[in-house]
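Novice: Got a predicted structure plus its sequence, pasted below:
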Amino acid sequence: MAGPVLIFDSGVGGLSVVAELRAHNPGVALCYACDNAMLPYGTREDDWLTARILAVCSAAVDACRPSVLVVACNTASTLALGKLREYLSIPVVGTVPAIKPAAQASRTRHIGLLATSATIARPYTHRLIDAFAVDCQVTRVAADELVVEAETLLATGKAPDTTRINAVLSPLWQATRQTPAMDTVVLGCTHFPLLLPWLVELAPCPLNWIDSSPAIARRVAQVAPDLASHPLDGTCFTTAPIKMLEPRLAAYGFVDFHLLVIPQTS
């Protein structure tokens, strides 16, 4: 029997990828793992974070024996994707900022990159821009605060603080008034699509919002085409208790919860 797809993120951002996986791969068995004990990842030091990502993903893979691991976290992917592929014996599908499709979609050749501060600064991200958007102006906005807003939304169901969102995204809104005007925004963190209704409402003009989830779903179907039902479907692994989040996770099909014990990362 083929193992399930394991989705990993620092928190609940990977749930935005879950929705696309289910839409593109009906009947696929999914497990979810989140390192909520160490959220947020975007402000962590690189060496520590790399070791932590390897430890959590290894423990989650041991727990559910998946056919494929989806690293549904831009910060983790831009830092540790290569290491994970070296260490694990299963296919690893990463999540990186959708610079290429954003550049293809932009008519003005001015795109925005909305991501965590770690993803914004990562050499991997710079290489994507150089490779696929060299003819574009790229306005880069670090928005670590939006990770907290998305986590709070899922934990409580309370609408995000739009005043806070507007303050964080002020440089992005200003870019829509420049010449050339920004017309396309990369959602470079899997938490951010969870806030998309509010982002669309607050934007001063219509924008193209691009995220990586559809491409991830297609890639999973390519590397693991025979996925089907599995007894662990709907299992969620966390590194800290998540009682408040359980009802929200259940809405995404995760109803069986287990605590992962991870060795202390020095």
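Specialist: The structure has been received and is ready for your questions. Since this is a predicted model, take the numbers as computed values, not measurements. Numbering: from 1, shown residues only.

Novice: okay, CA-based contacts and neighbour counts for the rest of this
Specialist: OK.

Novice: Where is the longest helix in this protein?
Specialist: helix 46-64 (DSSP state H).

Novice: State the distance from Trp48 to Tyr41.
Specialist: Here the distance between Trp48 and Tyr41 works out to 10 Å (CA to CA, to the nearest Å).

Novice: Counting neighbours, go ahead and name the busier of these two.
Specialist: Remark: of Trp48 and Tyr41, Tyr41 carries more neighbours, 25 against 11, as counted by other CA atoms under 10 Å.

Novice: how far away is the spatially closest residue to that one that is not a sequence neighbour from Leu21?
Specialist: Spatial nearest neighbour of Tyr41, excluding adjacent residues (CA to CA, 6 or more residues apart in numbering): Ser10 at 6.4 Å. Applying CA to CA, the value for Ser10 to Leu21 is 18 Å.

Novice: Okay, now the sheet partners of whichever helix or strand comes after the longest helix of the chain, with direction.
Specialist: Going down the chain from helix 46-64, the next helix or strand is strand 68-71, by DSSP states H and E. On the basis of DSSP bridges, the sheet neighbours of strand 68-71 come out as strand 5-9 (parallel), strand 92-93 (parallel).

Novice: what's the pLDDT at Ser266?
Specialist: Ser266 is assigned 49 on the pLDDT scale.

Novice: Going forward, the N-terminal residue is numbered 828.
Specialist: Yes, from this point I'll number from 828; that puts the last item at Ser1093.

Novice: if we can go back for a sec, retrieve the pLDDT associated with the residue nearest to Tyr868.
Specialist: If you check Ser837, the pLDDT there is 90.

Novice: doesn't Pro867 make contact with it?
Specialist: Yes - the pair formed by Ser837 and Pro867 meets the contact definition of CA atoms under 8 Å, at 6.7 Å.

Novice: Number of residues surrounding Ser885?
Specialist: Ser885 is surrounded by 15 other residues when neighbours are defined as other CA under 10 Å.

Novice: Please report phi then psi for the closest residue to it other than its chain neighbours.
Specialist: Spatially, and ignoring its direct neighbours in sequence, Ser885 is nearest to Leu915 (7.6 Å; CA to CA, 6+ apart). When read as degrees, to the nearest 10, the backbone of Leu915 gives phi -100, psi 150.

Novice: separation between Leu915 and Gly984?
Specialist: Taking CA to CA as the measure, Leu915 falls 36 Å from Gly984.

Novice: Now do the helices in the stretch 828-977 of the chain.
Specialist: For the stretch 828-977 of the chain, helices defined by DSSP state H, counting those that start in this stretch occupy the ranges 842-851, 873-891, 901-914, 926-932, 944-948, 950-959, 971-983.

Novice: could I get those helices as TSV with mean pLDDT and distance to Ala1002?
Specialist: Rendered in TSV, the data for the helices of the stretch 828-977 of the chain read as follows (pLDDT from 0 to 100; distance: least, CA to CA, whole Å):
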stretch	mean pLDDT	distance to Ala1002
helix 842-851	89	26
helix 873-891	94	30
helix 901-914	93	23
helix 926-932	97	15
helix 944-948	91	17
helix 950-959	96	18
helix 971-983	90	19
